[in-house]
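Undergrad: I would like the atomic coordinates for the input below:
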Amino acid sequence: MLRFNILASVVPLAVAAVFARGEFAGSPRPCIEVGGTSLQIAALSWQAERHVSFTSDPRRATVRVQISDSAEAADFTVIDDVDTAEAGACQSNSPPQLVAISATPGESDPVIYLSQDGPADYRIFVHSKSFSARDAAALIVGARGGQHRINAASL
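TA: As a prediction, this is how the structure comes out:
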């Protein structure tokens, strides 16, 4: 009976630890390193220091990101041909800053318009098994700390 009581008390603690850490599987999430700081897509939005969202309406966007057809024309390029992430590929001396893709933007959060054409603040090229164009756009905008080049250009 005592063993059952110990087991019954340990299982909820283990489940709580998994939820607190925010990882259900050990799968790596998209990550980049910029200036010695790594940024990673958050597993759960409440864990993230930075939030971005996406819109299909270019008038609501604060940042425009164009999906480029060539790596040479892009400001940010992700190319990989591997099935698994390289161990230690995105490690730094400090824990990664987490970027969450939110369904509804906060008042000061960047809102990204992702398109194939038109004017753009950033141009990305993605050919990857582990990154989507949305992941790459979220990370590059998150790396800039929400600084909006559209607003700076219109001053």
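Undergrad: What segments of this structure are strands?
TA: Taking DSSP state E, the strands of the chain run over residues 31-34, 37-41, 50-55, 63-67, 76-79, 97-102, 111-115, 122-127.
Undergrad: how about these, which one is nearest I140?
TA: Set against I140 and scored by Cβ to Cβ, the strands of the chain come closest in strand 76-79, at 4.7 Å. (Each C-beta comes from the backbone N, C-alpha and C, glycine too.)
Undergrad: So what touches the closest one?
TA: By Cβ atoms under 8 Å, 6 or more residues apart in numbering, the residues outside strand 76-79 that reach it are I32, A71, Y122, R123, I124, F125, V126, H127, S128, F131, A136, I140.
Undergrad: Which of these sits closest to D109?
TA: Of all these, D109 sits closest to I140, with 14.9 Å by Cβ to Cβ.
Undergrad: check contacts around that closest one.
TA: Taking Cβ under 8 Å, 6+ apart as the criterion, I140 is in contact with I32, V65, D75, F76, Y122, I124.
Undergrad: The second one against V141, yeah?
TA: In other words, V65. Yes - proximity of V65 to V141 meets the contact threshold set by Cβ atoms under 8 Å, at 7.0 Å.
Undergrad: so what sits against both of those two?
TA: Residues touching both V65 and V141 by Cβ under 8 Å, 6+ apart: I112, Y122.
Undergrad: Need the strands of the chain in a markdown table (columns: mean pLDDT).
TA: Below are those laid out as a markdown table (pLDDT from 0 to 100):
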| stretch | mean pLDDT |
| --- | --- |
| strand 31-34 | 78 |
| strand 37-41 | 85 |
| strand 50-55 | 93 |
| strand 63-67 | 95 |
| strand 76-79 | 88 |
| strand 97-102 | 91 |
| strand 111-115 | 95 |
| strand 122-127 | 94 |
